[in-house]
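Undergrad: coords below, sequence missing:
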């Protein structure tokens, strides 16, 4: 079916900046881009339909290069603790939520101890005062730390684990705070209680919500076996509303890799809606939980530099295995020491640029590391909204290292392949909040490190480019997605304002009116 979209303010691409009045779509792809008269004549010739855009602005659909698709679905039904200002407020919200939800596990997400007026971390005893007969797990906003109540600790068995990531008080008693690999154990227990049908429901709910925010393609990072099966079932049933590119969790003993190797599956298996791309590997944790691995101690806690979650030898072995299988690497690295060992690993692989192997987050980059990333042509999946949500970063890093934080301008000037994402549900899925953050970097929120990093601000055009073509490129989709040039998949959104004609302060207020994938409307008022 041929469809013409006419009388629009249509941005075909952001770099170079190309704008037309009309496009014609045939078989999911852009057949023509240009003026109204020609578009209407093509549609008439093929007996198609005309959609009058009535002067509204159209841009390519956003591509979120790093998202936890199942996590977004689960989060949509979780207790929302973002912005909570005290432990007492957290407890009150938990009390009200526990009365409404009937699930075995009570799950929450989004608290940040830096905001609490009590100036301390929550404990299992705080949670026990509210809910003691059902297991409760409330994740910190970074998703690398959580607080469990006593019942949850009994079920998961984490109290008996000897690890610095089971936080204990001065008497050696577990406080309920767990981090990194211990948190993963708790998550696995919860995952075991979910069926494939549960995952299908969560993924479908997430995908519909994501489409409503103007995101048409996502990189699903850290996909486990159950979530993959759910995705494949939704795909085979033609029920996936958005495009998904999968980066698998390798599993405890790399069993997922052995399975993929056994069947000979390589990068790009699938179709335009669902493709398996590669494997996600963790090297360190998060700055918020002080588990990101730094080369020098934290400014606000000199007793720690954070720590790796995998040693250099195992990282190199795992990375080579993924590389030799023809899959793409997506390696989580936040602290500069973590980046050091990731770079050391990539130096030993051939054709890094051909595979577009990635570093996820790349939060803290020294100048020498930026030079090496450019030399090796490593791709980066970065999250602009961290510049605002990590408002406490200067306390963590001090006045010298804060200049290394999220250096988007320096990376762009070195022509380093870079795509935007949100790490949602860690950050809001709404792309306009991330665009706003990339352009303003907390200028209007009085973020303490704004003055130290304002030279890393991006223009609106640059930010939009990185959220469209940039993300498409680092997921091997630059020939299909990221622009609306002739031959590309017709994934686009209709918005209520032209982002290139408004003040930067208004960017986060732009609304998505309609979302199209392959020229078909999948969401709209």
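TA: Perfect, I can see it now. All figures in this text were calculated on a predicted structure; none of them were measured in a lab.
Undergrad: How about the lowest-mean-pLDDT helix or strand in the chain, which residues are buried there?
TA: Across the helices and strands of the chain, mean confidence by mean pLDDT, DSSP states H and E is lowest for helix 255-263: a mean of 81. Within helix 255-263, the residues that qualify as buried by neighbour count (16 or more other Cβ atoms under 10 Å) are 256, 257, 260. All C-beta atoms are positioned from the backbone trio N, CA, C, and that covers glycine.
Undergrad: swap in stretch 40-56?
TA: Buried residues in stretch 40-56, counting neighbours by 16+ other Cβ under 10 Å, are found at 40, 42, 43, 48, 50, 51, 53, 56.
Undergrad: Show the contacting residues for the closest residue to residue 309 other than its chain neighbours.
TA: Taking Cβ to Cβ, 6 or more residues apart in numbering, and ignoring the residues beside it in sequence, residue 309 has residue 282 as its nearest neighbour in space, at 5.0 Å. Each residue near residue 282 by Cβ atoms under 8 Å, 6 or more residues apart in numbering is listed here: 309, 310, 332.
Undergrad: same thing with residue 513?
TA: The neighbourhood of residue 513, defined by Cβ under 8 Å, 6+ apart, consists of 56, 493, 494, 495, 496, 524, 525.
Undergrad: Number of residues surrounding residue 229?
TA: Using other Cβ atoms under 10 Å, the number of residues around residue 229 comes to 13.
Undergrad: wait, residue 418
TA: Here the count is done by other Cβ under 10 Å, and residue 418 has 23 residues near it.
Undergrad: Can you pull the phi/psi pair for it?
TA: phi -150, psi 140 (degrees, to the nearest 10).
Undergrad: And the one 3 residues further on, by the same measure?
TA: Backbone dihedrals for residue 421, given as degrees, to the nearest 10, come out at phi -160, psi -170.
Undergrad: Checking the closest residue to it other than its chain neighbours next. Helix, strand or coil?
TA: In this structure, residue 421 finds its nearest non-sequential neighbour in residue 66, 3.5 Å apart by Cβ to Cβ, 6+ apart. The three-state assignment at residue 66 reads strand, by DSSP: H, G, I helix; E, B strand; the rest coil.
Undergrad: Would you confirm that residue 66 contacts residue 219?
TA: Yes - because the distance of 5.5 Å satisfies Cβ atoms under 8 Å, residue 66 is recorded as touching residue 219.
Undergrad: so what's in contact with the two at the same time?
TA: Counting by Cβ under 8 Å, 6+ apart, the contacts common to residue 66 and residue 219 are 330, 381, 421.
Undergrad: Using CSV, please lay out those residues together with neighbour count.
TA: CSV is the format used below for those (neighbours: other Cβ atoms under 10 Å):
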residue, neighbour count
330, 27
381, 29
421, 30
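Undergrad: from the residues you listed, which single one is nearest residue 209?
TA: Distances from these to residue 209 were compared by Cβ to Cβ; the smallest belongs to residue 421, at 15.8 Å.
Undergrad: Which elements pack onto the least confident helix or strand of the chain?
TA: On a contact count with 3 or more Cβ pairs under 8 Å, 6 or more residues apart in numbering; DSSP states H and E, helix 255-263 meets strand 274-282, helix 312-324.
Undergrad: okay, the angle between that helix and strand 274-282?
TA: Here helix 255-263 runs at an angle of 140 degrees relative to strand 274-282 (axes from the mean of the first three to the mean of the last three Cα atoms, to 10 degrees).
Undergrad: what sits up against helix 255-263?
TA: Outside helix 255-263, the residues within contact range by Cβ under 8 Å, 6+ apart are 225, 248, 249, 250, 251, 276, 279, 318, 321, 322, 325, 327.
Undergrad: ok and that helix relative to helix 312-324, angle-wise?
TA: Here helix 255-263 runs at 30 degrees with respect to helix 312-324, directions being taken by the same axes, to 10 degrees.
Undergrad: Report the distance from the next helix or strand after helix 255-263 to the chain centre.
TA: Once the chain leaves helix 255-263, the next helix or strand it forms, by DSSP states H and E, is strand 269-270. In terms of Cα atoms, centre = their mean, to the nearest Å, the centre of strand 269-270 is set 21 Å apart from its chain centre.
Undergrad: Kindly report the same for stretch 54-67.
TA: The gap between where stretch 54-67 is centred and where its chain is centred comes out at 16 Å by Cα atoms, centre = their mean.
Undergrad: What residues sit buried inside that stretch?
TA: When burial is assessed from 16+ other Cβ under 10 Å, stretch 54-67 yields the following buried residues: 56, 57, 58, 59, 60, 61, 62, 63, 64, 65, 66, 67.
Undergrad: Going by distance to residue 161, which of the buried residues of helix 255-263 wins?
TA: Checking the buried residues of helix 255-263 against residue 161 by Cβ to Cβ gives residue 256 as the nearest, at 23.7 Å.
Undergrad: how much space between that closest one and residue 525?
TA: Taking Cβ to Cβ, to the nearest Å as the measure, residue 256 and residue 525 are separated by 41 Å.
Undergrad: before we move on, what about residue 398?
TA: According to Cβ to Cβ, residue 398 and residue 525 sit 48 Å apart.
Undergrad: So between those two, which is more surrounded?
TA: For residue 398 versus residue 525, the count of surrounding residues by other Cβ under 10 Å is larger for residue 398: 14 against 7.
Undergrad: Give me the most central residue, this protein.
TA: The residue lying closest to the centre of the chain (Cα atoms, centre = their mean) is residue 423, at 2.3 Å.
Undergrad: Can you give me the pLDDT of the nearest residue to residue 307 once chain neighbours are set aside?
TA: Leaving aside its sequence neighbours, residue 307 sits nearest to residue 293 (Cβ to Cβ, 6+ apart; 5.9 Å). The predicted structure scores residue 293 at 98 on the pLDDT scale.
Undergrad: Same question for residue 228.
TA: Residue 228 is assigned 93 on the pLDDT scale.
Undergrad: How about residue 253?
TA: Confidence at residue 253, expressed as pLDDT, is 64.
Undergrad: buried residues in stretch 204-211?
TA: Residues 204, 205, 206, 207, 209, 210, 211 are the ones in stretch 204-211 that count as buried (16+ other Cβ under 10 Å).
Undergrad: Need the residues that contact it.
TA: Surrounding stretch 204-211, the residues in contact under the criterion Cβ under 8 Å, 6+ apart are 64, 67, 69-70, 72-73, 76-77, 218, 234, 239-242, 244, 429, 515, 517, 522-523.
Undergrad: Sort out for me which of those are in strands.
TA: Secondary-structure check on these using DSSP state E: residues within strands are 64, 67, 218, 244, 515, 517, 522, 523.
Undergrad: TSV please, covering these and showing distance to residue 120 and pLDDT.
TA: TSV is the format used below for the ones in strands among the contacts of stretch 204-211 (distance: Cβ to Cβ, whole Å; pLDDT from 0 to 100):
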residue	distance to residue 120	pLDDT
64	34	98
67	32	98
218	36	98
244	40	98
515	43	98
517	47	98
522	45	97
523	43	97
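Undergrad: in the stretch 351-500 of the chain, which segments are predicted with low confidence?
TA: Flagging of the stretch 351-500 of the chain using pLDDT under 70 yields an empty set of residue ranges.
Undergrad: Just the strands from it, written as ranges.
TA: Counting by DSSP state E, counting those that start in this stretch, residue ranges of the strands within the stretch 351-500 of the chain are 358-361, 379-382, 418-420, 492-495.
Undergrad: who touches the second one?
TA: In other words, strand 379-382. Strand 379-382 is contacted from outside by 65-66, 219, 221, 330, 356-362, 373, 406, 408, 411, 416-421, 471, 473-474, using Cβ under 8 Å, 6+ apart.
Undergrad: Just the buried positions in stretch 488-502, please.
TA: Within stretch 488-502, judged by 16+ other Cβ under 10 Å, the buried ones are 488, 489, 490, 491, 492, 493, 494, 495, 499, 500.
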